[in-house]
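Undergrad: sequence-free structure coming up:
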């Protein structure tokens, strides 16, 4: 056992919830962002504003034409796997080999491809790290082991993992349609909390394929956390804090939450209000790429996802019965209120109340 522990330490193989559940999951979301999400945005901008070089098919693969954005989305599996390998501090030969593993796994995983990629890329990366530089023919052994282990794991576990993730996501979305009030609260609060925790709400939403009303509730919860913390902490952090939290991430408040968990109550209460308003009153659906459901106002990706879903629903949303619409004043009003106005007003009011009763003290929200 001691020899095994020494070997794992030498190979930088750390089996822990943080390494796999935080580092790898967060990196996977970044890989997905830089491929599928960016590709969706480029395609939507190109089609809506009639930008020729963005709508032109620049390559044909298996008789299927691809635009620039289409190619970016096409490579999402590879991007996720390489990002996971990077988070696991894989050596170069392992990292580059994961491109093949990720592509195959995402294809085999179907609708639940991102979750399958997370598991399989971790397995392939750790096996690759284990054999890396252990032989004199490392240039052959490391990529062969990484690719064979990865493809083998993908072939065995990607389809059932993908099916399970897809089924669970479908259950959440159907439950939200049947019980929009209670599920609006539940999805909004849980996804919003996940966004502020050091895990990836974007990856979770992508793994579950959340679109439609459930996606709209998730957007509401994320916006409540980001905009809520940004406005509530304005007196401590000023405009810099407003931008870094409102357009960046509310995760910046985690050290302060650990010191005083009560500061987390106002944005969580706000999400419990805006979630059912999104599902019951405004019928806000997020039918862009599922990753947008967990982005909130980070780079305005949540709002871009809603907009792209209105005009050109993603494949996942189309499979769930979504259809393109021409948004009117009601839709835009709902999006603005849910994303910006209500979280700001509610958290500002809750924040004042909590400061008056002494639950939030001066400096509790100060960012280092």
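TA: The structure has been received and is ready for your questions. The structure displayed is predicted, hence computed values, not measured ones. Numbers count the residues shown, from 1 in each chain.

Undergrad: ok, now which ones touch the spatially most central residue of the chain?
TA: A centroid search over the chain (Cα atoms, centre = their mean) returns residue 202, at 1.3 Å, as the residue closest to the centre. Residues near residue 202 by Cβ atoms under 8 Å, 6 or more residues apart in numbering: 29, 32-33, 291-295. Glycine gets a C-beta too; all of them are placed from N, C-alpha and C.

Undergrad: correct me if wrong: residue 335 contacts residue 306.
TA: Yes - using Cβ atoms under 8 Å, residue 335 is in contact with residue 306, at 5.7 Å.

Undergrad: neighbour count winner among those two?
TA: More crowded of residue 335 and residue 306, by other Cβ atoms under 10 Å: residue 306, with 26 against 23.

Undergrad: not counting sequence-adjacent ones, nearest residue to that one?
TA: Nearest residue to residue 306, sequence neighbours excluded (Cβ to Cβ, 6 or more residues apart in numbering): residue 286, at 5.2 Å.

Undergrad: show me what contacts that neighbour?
TA: By Cβ under 8 Å, 6+ apart, the contact set of residue 286 is 210-212, 215-216, 218-219, 292-293, 302, 305-306, 309.

Undergrad: what sits against residue 273?
TA: Neighbour list for residue 273: 224, 342, 346 [criterion: Cβ under 8 Å, 6+ apart].

Undergrad: ok, now how distant is the first one from residue 256?
TA: It stands for residue 224. From residue 224 across to residue 256, the span is 17 Å (Cβ to Cβ, to the nearest Å).

Undergrad: higher neighbour count, the two?
TA: Neighbours per residue, other Cβ under 10 Å: of residue 224 and residue 256, the larger number sits with residue 224, 34 against 21.

Undergrad: let me see the contact set for that one.
TA: By Cβ under 8 Å, 6+ apart, residue 224 lies in contact with 188, 192, 267-268, 270-271, 273-275, 342-343, 346-347.

Undergrad: one more pass at 7 Å, please.
TA: Neighbour list for residue 224: 192, 267, 270-271, 274, 343 [criterion: Cβ atoms under 7 Å, 6 or more residues apart in numbering].

Undergrad: and the strand or helix carrying it, average pLDDT?
TA: Assessed by DSSP states H and E, residue 224 sits inside helix 212-232. What helix 212-232 shows for mean pLDDT is 96.

Undergrad: got the contact list for whichever helix or strand comes after that helix?
TA: Using DSSP H and E, the helix or strand that follows helix 212-232 in sequence is helix 234-243. Applying Cβ under 7 Å, 6+ apart, the contact partners of helix 234-243 are 230, 233, 363, 365-367.

Undergrad: show me which pair in those residues is furthest apart.
TA: Using Cβ to Cβ, the contacts of helix 234-243 span at most 16.9 Å, a distance reached by 230 and 363.

Undergrad: now residue 101. Its backbone dihedrals?
TA: Backbone geometry at residue 101, expressed as degrees, to the nearest 10, gives phi -60, psi -50.

Undergrad: equivalent analysis for residue 63, please.
TA: Taking degrees, to the nearest 10, you get phi 70, psi 20 for the backbone angles of residue 63.

Undergrad: and if you look at the one 10 residues further on?
TA: As for residue 73, its main-chain torsions (degrees, to the nearest 10) stand at phi -70, psi -40.

Undergrad: that older thread, now, among the contacts of residue 224, which is nearest to residue 63?
TA: residue 192 (43.1 Å).

Undergrad: with adjacent residues omitted, what lies nearest to that closest one?
TA: Leaving aside its sequence neighbours, residue 192 sits nearest to residue 221 (Cβ to Cβ, 6+ apart; 3.1 Å).

Undergrad: any idea how far residue 182 is from the one you found?
TA: Residue 221 is 14 Å from residue 182, by Cβ to Cβ.

Undergrad: so which of the two has more stuff around it?
TA: Taking other Cβ under 10 Å, residue 221 and residue 182 do not tie; residue 221 has more neighbours (36 against 14).

Undergrad: what segments of the stretch 251-368 of the chain are helices?
TA: 254-259, 265-276, 301-311, 315-319, 329-336, 342-356 (DSSP state H, counting those that start in this stretch).

Undergrad: could these go into JSON lines alongside distance to residue 241 and mean pLDDT?
TA: Formatted as JSON lines, the helices of the stretch 251-368 of the chain follow (distance: least, Cβ to Cβ, whole Å; pLDDT from 0 to 100):
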{"stretch": "helix 254-259", "distance to residue 241": "11", "mean pLDDT": "89"}
{"stretch": "helix 265-276", "distance to residue 241": "14", "mean pLDDT": "96"}
{"stretch": "helix 301-311", "distance to residue 241": "20", "mean pLDDT": "92"}
{"stretch": "helix 315-319", "distance to residue 241": "34", "mean pLDDT": "87"}
{"stretch": "helix 329-336", "distance to residue 241": "22", "mean pLDDT": "97"}
{"stretch": "helix 342-356", "distance to residue 241": "13", "mean pLDDT": "96"}
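
Undergrad: can you lay out those as JSON lines showing distance to residue 80?
TA: Below are the helices of the stretch 251-368 of the chain laid out as JSON lines (distance: least, Cβ to Cβ, whole Å):
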{"stretch": "helix 254-259", "distance to residue 80": "24"}
{"stretch": "helix 265-276", "distance to residue 80": "27"}
{"stretch": "helix 301-311", "distance to residue 80": "17"}
{"stretch": "helix 315-319", "distance to residue 80": "15"}
{"stretch": "helix 329-336", "distance to residue 80": "28"}
{"stretch": "helix 342-356", "distance to residue 80": "30"}
